[in-house]
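Q: sharing a model prediction with you, sequence too.
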Amino acid sequence: MNRPEPPPRVRFAPSPTGSLHVGGARTALFNWLFARGRGGAFILRIEDTDRQRSREDLSREIIEELAWLGLDWDEGPIFQSRRAGLYLPAAEELLERGAAYRSEPDTEGKTAIILRVPPAEITVPDRVYGAVTVSAAELKDIVLIKSDGSPAYNFACVVDDHDLGITHVIRGDDHLPNTPKQIILYRALGWEPPAFAHLPLILGPDKSPLSKRHGATSLKAFREAGILPDALVNYLSLLGWSPGGDRELMNRDELVREFSLEKVSRKAAVFDHQKLVWMNGRYIQEAAPADLVRALRPLLAGTGWEPVPDGRMEEAVILLGHRLKTLADFPDLAGFCLQGEIDYNPEAVAKYWSGEDVPEILAEVRGTIAAADPFAREELEAALRGLAERRGVKGGVLLHPLRVALTGRKDSPGVFEILSLLGRETSLARIDRAAAFLARRT
RNA sequence: GACCCCGUCGUCCAGCGGUUAGGACACAGGCCUUUCAAGCCUGUAACACGGGUUCGAUCCCCGUCGGGGUCGCCA
């Protein structure tokens, strides 16, 4: 006999005084998952009542990064600064009723409106922490309207949440001590408080709260480092939550289906960048090459590369896809097959080009490659292995020097794949260049 | 300091009175192999401590210790 709950209405309410960081993103994500899993509404509200510290460019950035993460909202963005008319009447009503009073005028003669808080004991029913009781002897009177006329945080928050019909307030742990005050506010106003759920904090490796000194923690930084939004969503979902059991790799649909507040942890979690990067690699492996090419484009802007057509990029992505942990690895790994000039890595030269017979080997390899017909992976492998056999050596003796000639590096995908990607002309040109390099050396 | 929260491998999670305490990242070794990755296999590694309750505690209760949060006319 479970009566259907009305669809929930939740909100994410960042203040534009800093970039959106992983902690905020995780809060947004949990709200989003909760709403999407229950046919509810996810509302974006920008808390910009602090006129000094709020910045419009940061509002824009937060909105953009949320969109990048794929957390779409149903209402908003709603800016608190544009709904000033809402707060004052509510405060004045409390004033008239004698529940609130005006502060002593400051030096400029302005006054604040403050709620009188009688000593009481407040119990916060929390969906994550259970019942948290605060002996409210220490609760002080609560500022409603600051003397500059703008609403104070707790008041604005309550008025807005009520006005928007918010049913579940899901937010960071650091707000837990605020909650008794907000419940007092709801009661004073004669409103029914929403359900509350507080999320544990995200810490840095030294167990202190995650901050700038732990490196890049803004979403913008993750995007620029080549982290895929799907990977970040999956990783973040597992910080302070799990579906139970051993499942880790889950797409959005699965997360939406599985998420519940009951399984949210009460323990702060350390952000593990390495695991994020690992997970990102898994998502890159499974991504469609065309999608990766699209995601790669903005990252190539800063490399000074010659333009590369999509088709060519896609071939490179297919060749290298399994080796990428982040998109940012791509320029270094793919340069040899997408750009004209290659540099010879000194270690590669020392390791694979030091032998006396390398020029001769390359010459023979060149001949074999020149004669390959058709110029395709299978035929090239057969021909080069045949050459090794005739010379009585293992394949590597030929392949290593050739790899350096083709890529300039000591590590790369398979040589035969590279040959067929580069084509006969480029392959031969690179071998010739290597021969010239070696001739000059002696 | 006061109030509140938390405490399982280095890290993220599983466990919800009886388990050889499980998975993942990282780390180590192996397989594969033309290199490096990837992939596959194996291994190292944890219930903070002390009291209870119980036939039996990682799990329930109390304390200690440790970590964190909040104490603004910031949000």
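A: Everything's here; your move.
Q: and the gap between A:R187 and RNA strand B?
A: 19 Å (C-beta to the nearest atom of the strand, to the nearest Å). Any C-beta I mention is one placed from the backbone N, CA and C, and that applies to glycine too.
Q: and if you look at A:V117?
A: Counting by C-beta to the nearest atom of the strand, the gap from A:V117 to RNA strand B is 12 Å.
Q: go ahead and confirm that residue touches A:K140.
A: Yes: the criterion here is C-beta atoms under 8 Å, and A:V117 meets it with A:K140 at 6.7 Å.
Q: these two: who's more crowded?
A: A:V117 (18 against 9; other C-beta atoms under 10 Å).
Q: did I read that right, the more buried one in a strand?
A: No: judged by DSSP: H, G, I helix; E, B strand; the rest coil, A:V117 forms no part of a strand; its state is coil.
Q: against A:T368, how distant is the residue of chain A most remote from its centre?
A: The C-alpha centroid of chain A is most remote from A:R390, which lies 53.7 Å away (C-alpha atoms, centre = their mean). To A:T368, A:R390 is 10 Å away according to C-beta to C-beta, to the nearest Å.
Q: coming back round to it: which residues touch the residue farthest from the centre of chain A?
A: Not one residue lies near A:R390 by C-beta atoms under 8 Å, 6 or more residues apart in numbering.
Q: check the gap between it and A:E364 for me.
A: 9 Å.
Q: how about the helices in the stretch 201-350 of chain A?
A: Taking DSSP state H, counting those that start in this stretch, the helices of the stretch 201-350 of chain A run over residues A:219-224, A:229-237, A:252-258, A:273-286, A:289-300, A:310-320, A:330-338, A:346-352.
Q: helices and strands around the last one, which ones?
A: Packed against helix A:346-352 by the contact rule (3 or more C-beta pairs under 8 Å, 6 or more residues apart in numbering; DSSP states H and E) you find helix A:395-407.
Q: just checking, next helix/strand downstream of the helix it packs on?
A: helix A:415-441 (DSSP states H and E).
Q: neighbours around the closest residue to A:R282 other than its chain neighbours, how many?
A: Nearest non-adjacent residue to A:R282, counting by C-beta to C-beta, 6 or more residues apart in numbering: A:L249, 6.4 Å away. By the criterion of other C-beta under 10 Å, A:L249 has 12 neighbours.
Q: which residues touch A:L249?
A: Per C-beta under 8 Å, 6+ apart, neighbours of A:L249: A:234, A:279, A:282.
Q: local confidence estimate at it?
A: At A:L249, the predicted lDDT confidence score is 94.
Q: state the distance from it to A:L239.
A: Separation of A:L249 from A:L239 (C-beta to C-beta): 15 Å.
Q: again with A:K110
A: 44 Å.
Q: so which of those two has more stuff around it?
A: A:L239 (25 against 13).
Q: gap between the closest residue to that one other than its chain neighbours and RNA strand B?
A: Counting by C-beta to C-beta, 6+ apart, A:L239 lies nearest to A:A269, which is 4.5 Å off, once chain neighbours are set aside. Taking C-beta to the nearest atom of the strand as the measure, A:A269 falls 3 Å from RNA strand B.
Q: hang on, A:A269 packs against A:S242?
A: No: applying C-beta under 8 Å as the test, A:A269 and A:S242 come out as separate, 10.7 Å apart.
Q: quick one: pLDDT of A:R83?
A: 88.
Q: tally of neighbours for it?
A: 16.
Q: again, but for A:R385
A: By other C-beta under 10 Å, 15 other residues sit near A:R385.
Q: secondary structure element holding it?
A: Per DSSP H and E: helix A:377-391 holds A:R385.
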